[in-house]
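Chemist: structure of the sequence below:
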Amino acid sequence: MPMDEPPATARASAAVADSSEFLTDPHRRHNPLIDEWVLVSPDRTNRPWQGLEAAPAVPPGVAFDPTCYLCPGNTRANGAVNPGYDRTFVFTNDFAALQPDSSSAVVTDGLLRAVGEPGTCRVVCYSPRHDLTMAGLEPADVRRIVDLWADETTELGARFGWVQVFENRGEAMGASNPHPHGQIWAASELPGEATREDDGQRRYHAATDRRLLLDYAAQEHGGSRVVVENADWLVVVPFWAIWPFETLIIPRRSADRLADLDPPARDGLSEALIDLLRRYDRLFGQPFPYSMGWHQAPFDGQRRDHWQLHAHVYPPLLRATVRKFMVGYELLSESQRDISPEEAAERLRDVSPPEPPPQDR
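Modeler: The predicted structure is shown next:
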């Protein structure tokens, strides 16, 4: 499917952004999606490092762990017993951060304000295999996960205003269980990050009558920041990326939510996800930690002609044993990155052709 041609102003800015002179010196880049800036320091990885180094991640070595709360047939911490599932399995989180029967009352005291937040949280086990990450699945298996994401989103969206599909992979990203799984949280109100993205996309659409992320995908097509591209999807290290090997996943046609994707687009997404995640794993020769999540149009009854479905992938690693720390300047001033997005994309493109990790076969 051909990409839409970006506006002339976008093509001109792309030429500036790809200038080698521009990329070698420290500079700031703007993120139009949330109207924030990031400081880019391309040569900072050359500095000596005597700080904390983490041991490389080690994948689980068994297909079934009798002590795992998520493996088929095992008893979870609250006493519930998992069915003997053989594909994907979803259940309500036993220790959910949101509860459907929470009060929605508002409490105020001068400058202090609190609002009750009804919602729910679900856990999605990708596979019965304890050692099989999404990177090791076959396209048909990932397609089932995509379909489940879409179905769960639609069902929860009938009751809640915001549905957040996400995965925390690895101990470095706070995963509480090594069994490959994701989560789906549904909340009543639009959270802060979604509000910023809604505002950014709305402003762009009001000015151009076009979707910001569709224009951005068209501008990046075939460019230096693209990692994976197929007929329906673009995976790119965004021009404004904060995390070293951060990526943005965008459908190349208009789509508000995962449920809007037709069968070919769902198949294309499955293939793109496998390609990307295997590249991550092969970059440093170990299971790559990340947080990944989908931003879909809210379910609050408002028209969202400006909203484009997309996913963010935020991996913390800068080197094989060194993670990027968001501290000091990042906490007190603005985000800063240590390598250029162009270099990060090139390194991901240049890894050997992605094959399933040996432990996943």
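Chemist: flag every buried residue along stretch 220-238.
Modeler: The neighbour-count check on stretch 220-238 (16 or more other CB atoms under 10 Å) flags 220-221, 223-230, 232-238 as buried. Quick note: C-beta positions are derived from backbone N, CA and C, even for glycine.
Chemist: and that stretch, C-alpha only, in PDB?
Modeler: The C-alpha trace of stretch 220-238 is given here as PDB (Å, rounded to 0.1, in the frame of the first residue of the first chain):
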ATOM      1  CA  GLU A 220       9.600   8.700   7.800                       C
ATOM      2  CA  HIS A 221       8.800   6.200   5.000                       C
ATOM      3  CA  GLY A 222      12.100   4.700   3.800                       C
ATOM      4  CA  GLY A 223      14.200   7.100   6.000                       C
ATOM      5  CA  SER A 224      17.100   6.700   8.400                       C
ATOM      6  CA  ARG A 225      15.000   6.100  11.500                       C
ATOM      7  CA  VAL A 226      12.900   3.200  10.100                       C
ATOM      8  CA  VAL A 227      13.600  -0.200  11.700                       C
ATOM      9  CA  VAL A 228      10.800  -2.400  10.200                       C
ATOM     10  CA  GLU A 229       8.300  -1.600   7.400                       C
ATOM     11  CA  ASN A 230       5.700  -3.600   5.600                       C
ATOM     12  CA  ALA A 231       2.600  -3.000   3.600                       C
ATOM     13  CA  ASP A 232       0.500  -2.000   6.600                       C
ATOM     14  CA  TRP A 233       2.900  -0.900   9.400                       C
ATOM     15  CA  LEU A 234       5.900   1.400  10.100                       C
ATOM     16  CA  VAL A 235       8.200   0.800  13.000                       C
ATOM     17  CA  VAL A 236      10.500   3.800  13.600                       C
ATOM     18  CA  VAL A 237      12.800   5.100  16.200                       C
ATOM     19  CA  PRO A 238      11.000   8.400  16.500                       C
END
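Chemist: can you show me the strands along the stretch 151-300 of the chain?
Modeler: For the stretch 151-300 of the chain, the strands defined by DSSP state E, counting those that start in this stretch cover 162-169, 181-187, 226-229, 233-236, 247-251, 290-295.
Chemist: by contact count, what packs against the longest one?
Modeler: Think strand 162-169. Helices and strands touching strand 162-169, by 3 or more CB pairs under 8 Å, 6 or more residues apart in numbering; DSSP states H and E, are helix 139-157, strand 181-187, strand 290-295.
Chemist: who does the helix ranked longest in the chain touch, helix- and strand-wise?
Modeler: Longest helix of the chain, by residue count under DSSP state H: helix 263-283. Contact here means 3+ CB pairs under 8 Å, 6+ apart; on that basis helix 263-283 packs against helix 139-157, strand 226-229, strand 233-236, strand 247-251, helix 341-350.
Chemist: just so I know, which of these lies nearest Gln99?
Modeler: helix 139-157 (13.9 Å; CB to CB).
Chemist: tell me the mean pLDDT for the closest one?
Modeler: Predicted confidence along helix 139-157 averages 98 (mean pLDDT).
Chemist: swap in stretch 189-207?
Modeler: Here stretch 189-207 scores 98 as its mean pLDDT.
Chemist: which residues are contacting that stretch?
Modeler: Contact partners of stretch 189-207, identified using CB atoms under 8 Å, 6 or more residues apart in numbering, comprise 32-36, 115, 117, 161-162, 164, 210-213, 215, 295, 298, 300, 304-308.
Chemist: buried ones among those?
Modeler: Neighbour-count burial (16+ other CB under 10 Å) is assigned, among the contacts of stretch 189-207, to 32-34, 117, 161-162, 164, 211-213, 215, 295, 298, 304, 306-308.
Chemist: show me where the protein dips below the pLDDT cut-off.
Modeler: Within the chain, the ranges that satisfy pLDDT under 70 run 1-23, 44-58, 353-361.
Chemist: now do the domain split for it, please.
Modeler: Structural domains assigned to the chain are 8-42+190-360, 89-187, following automatic domain parsing.
Chemist: rewinding a little: now intersect the contacts of stretch 189-207 with the helices, please.
Modeler: Going by DSSP H, the helices hold Leu212, Leu213, Asp215 from the contacts of stretch 189-207.
Chemist: which residue of the protein lies farthest from its centroid?
Modeler: Gly110 (37.7 Å; CA atoms, centre = their mean).
Chemist: separation between the nearest residue to Glu343 once chain neighbours are set aside and Ile339?
Modeler: The spatially closest residue to Glu343, leaving aside those adjacent along the chain, is Pro42, at 7.2 Å (CB to CB, 6 or more residues apart in numbering). Distance of Pro42 to Ile339, given as CB to CB, to the nearest Å: 6 Å.
Chemist: now render the domains of the chain as TSV, adding distance to Pro83.
Modeler: TSV is the format used below for the domains of the chain (distance: least, CB to CB, whole Å):
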stretch	distance to Pro83
domain 8-42+190-360	23
domain 89-187	7
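Chemist: so which of the ones you listed comes closest to Thr67?
Modeler: Closest approach to Thr67 among these (CB to CB): domain 89-187, 10.1 Å.
Chemist: how far does that closest one sit from its chain's centre?
Modeler: Computed by CA atoms, centre = their mean, to the nearest Å, the chain-centroid distance of domain 89-187 equals 13 Å.
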